[in-house]
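Student: need a 3D model of the following:
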Amino acid sequence: MESVSADTFDQSYYQRYYFDKKTKVLDPRHVERLGNFVCSYLKYLRVPVRRVLDVGCGVGVWRNIVAQHFPQASYLGVEFSEYLCERYGWERGSVVDYQASRPFDFVICQGVLAYLSPPDLKRALANLGTLSEGALYMEVVAREDYERDMVDEDRTDPHLFRHRAEVYRRGLSRQFRELGGGVWISRRSDAQVFALECAAE
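Tutor: Predicted coordinates for the structure are as follows:
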């Protein structure tokens, strides 16, 4: 059982899931609401955001959101797809083993982790803890979402692994505290978070 290969993420993949109006999964209004929520929450928590890493950045929907909320912050898009790196100029890399000279204040990892096999997922979750010393936004479809009929399988990539939510939580909880809404705070962060603002540990 191997992770989905880089060859999958070619021009036809992005045409189907991002550019074709009939089949795309990206809703600009949803992205705007989500970005406003996450960034506003980080402002509320007074997490200083100066350096942002968007790992698996895709077509870069978070770049403008970050610029709007944190205009002084640098934004680095890292992408596994050679096609997108050539098209948008992203840095090529994988969440599994991407390394940086120093950690980031805010790491975004949206819609990426379900493409990974169990061993690669374990490595990626540990690596996210290395890459972030502030906040993490992580979004991924879990097996429970399929079981609760929350996933439109006609519009969802069939290549996704169906890892349990607990697998993600367990992998992140060593280095992060879960705040809800996909937002996690690094255990290295100085942000003050009340007990009831965190998930039970």
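Student: does Val55 touch Tyr98 like I think?
Tutor: Yes. Taking Cβ atoms under 8 Å as the contact criterion, Val55 and Tyr98 are neighbours in contact, 6.1 Å apart. From N, CA and C alone the C-beta is placed, and that goes for glycine too.
Student: of these two, give the one with the bigger neighbour count.
Tutor: Val55 (28 against 20; other Cβ atoms under 10 Å).
Student: what about that one, distance to Arg102?
Tutor: Taken as Cβ to Cβ, to the nearest Å, the spacing of Val55 relative to Arg102 amounts to 15 Å.
Student: circling back: and for Val55 and Tyr98, which residues touch both?
Tutor: Taking Cβ atoms under 8 Å, 6 or more residues apart in numbering as the contact criterion, the residues that touch both Val55 and Tyr98 are Val78, Leu131.
Student: buried set for the lowest-mean-pLDDT helix or strand in the chain?
Tutor: Within the chain, confidence by mean pLDDT, DSSP states H and E is lowest for helix 11-14 among all helices and strands, at a mean of 90. By neighbour count on 16 or more other Cβ atoms under 10 Å, the buried set for helix 11-14 is Tyr13, Tyr14.
Student: ok, then the element right after it?
Tutor: Proceeding C-terminally, helix 11-14 gives way to helix 28-44 as the next helix or strand, assigned by DSSP states H and E.
Student: please enumerate the strands of the chain.
Tutor: Along the chain, the segments classed as strands by DSSP state E run 51-55, 74-79, 91-92, 104-110, 132-139, 176-180, 183-186.
Student: pLDDT value on the most centrally placed residue in the chain, please?
Tutor: Residue closest to the mean C-alpha point of the chain, counted by Cα atoms, centre = their mean, is Cys109 at 1.3 Å. Cys109 carries a pLDDT value of 98.
Student: I'd say it and Gly56 touch.
Tutor: Yes. Between Cys109 and Gly56 there is a contact under Cβ under 8 Å: 6.0 Å.
Student: which neighbours do those two share?
Tutor: The contact lists of Cys109 and Gly56 share Val95, where a contact means Cβ under 8 Å, 6+ apart.
Student: circling back: so what does the least confident helix or strand of the chain touch, helix or strand wise?
Tutor: For helix 11-14, the helices and strands in contact under the criterion 3 or more Cβ pairs under 8 Å, 6 or more residues apart in numbering; DSSP states H and E are helix 82-88.
Student: pull the contacting residues for Gln72.
Tutor: Contact partners of Gln72, counting by Cβ under 8 Å, 6+ apart, are Arg50.
Student: state the distance from it to Tyr115.
Tutor: Note on Gln72: its distance to Tyr115, by Cβ to Cβ, is 33 Å.
Student: please consider this matter closed, and thank you.
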